[in-house]
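K.L.:
Sequence and computational prediction follow.
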Amino acid sequence: MVATADGRRWLSVKLTAAPSDGAANEALVRLVAKTLGVAKRDVTLASGATSRLKRLHVSGDPAALAAALQRVIG
C-alpha cells in the first residue's frame with residue numbers, strides 16, 4: 001500500500017506485460033480478479049487506461065472483497 005501526502009492510498013503492482021494494445025491493463029484485471037477471488041468479468045477498468053495510476057471497479061460482496069483485500073495488504 002502506498003500513500004500520498006494528502007492521504008490518498010493505492011496498491012502498487014508490478015506487471016511484466018507490455019503496455020501496448022492494452023496488454024498491461026488486461027494483465028492487471030486478471031491479477032486483481034484472481035487475487036480477490038472474483039471472476040474476471042467482475043473487475044473493470046474505471047479510469048486510467050493510458051495512465052500509470054488506474055482506478056478499478058470490482059463487483060461482488062463488499063464484506064468478502066474487503067476481507068480478501070485485507071489479506072493482500074496485511
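P.N.:
Good, I have the coordinates. The shown structure was predicted, so the numbers you read here are calculated from the model rather than taken from an experiment.
K.L.:
Tell me which residue is most central in the protein.
P.N.:
Centroid-nearest residue in the chain: residue 32, 4.9 Å away (criterion: CA atoms, centre = their mean).
K.L.:
give me the element that residue is part of.
P.N.:
Using DSSP states H and E, residue 32 sits in helix 23-36.
K.L.:
circling back to that earlier point, for the residue nearest to the centre of the chain, give me the pLDDT.
P.N.:
Note on residue 32: pLDDT of 96.
K.L.:
Verify the contact between it and residue 56 for me.
P.N.:
Yes. In terms of CB atoms under 8 Å, residue 32 counts as a neighbour of residue 56; the distance is 6.1 Å. Where C-beta positions appear, they are placed from N, C-alpha and C, glycine not excepted.
K.L.:
Name the residues contacting each of those two.
P.N.:
Residues touching both residue 32 and residue 56 (CB atoms under 8 Å, 6 or more residues apart in numbering): residue 43.
K.L.:
rewinding a little: flag every buried residue along the helix holding residue 32.
P.N.:
Of the residues in helix 23-36, those with enough neighbours to count as buried (16 or more other CB atoms under 10 Å) are 24-25, 27-29, 32-33, 36.
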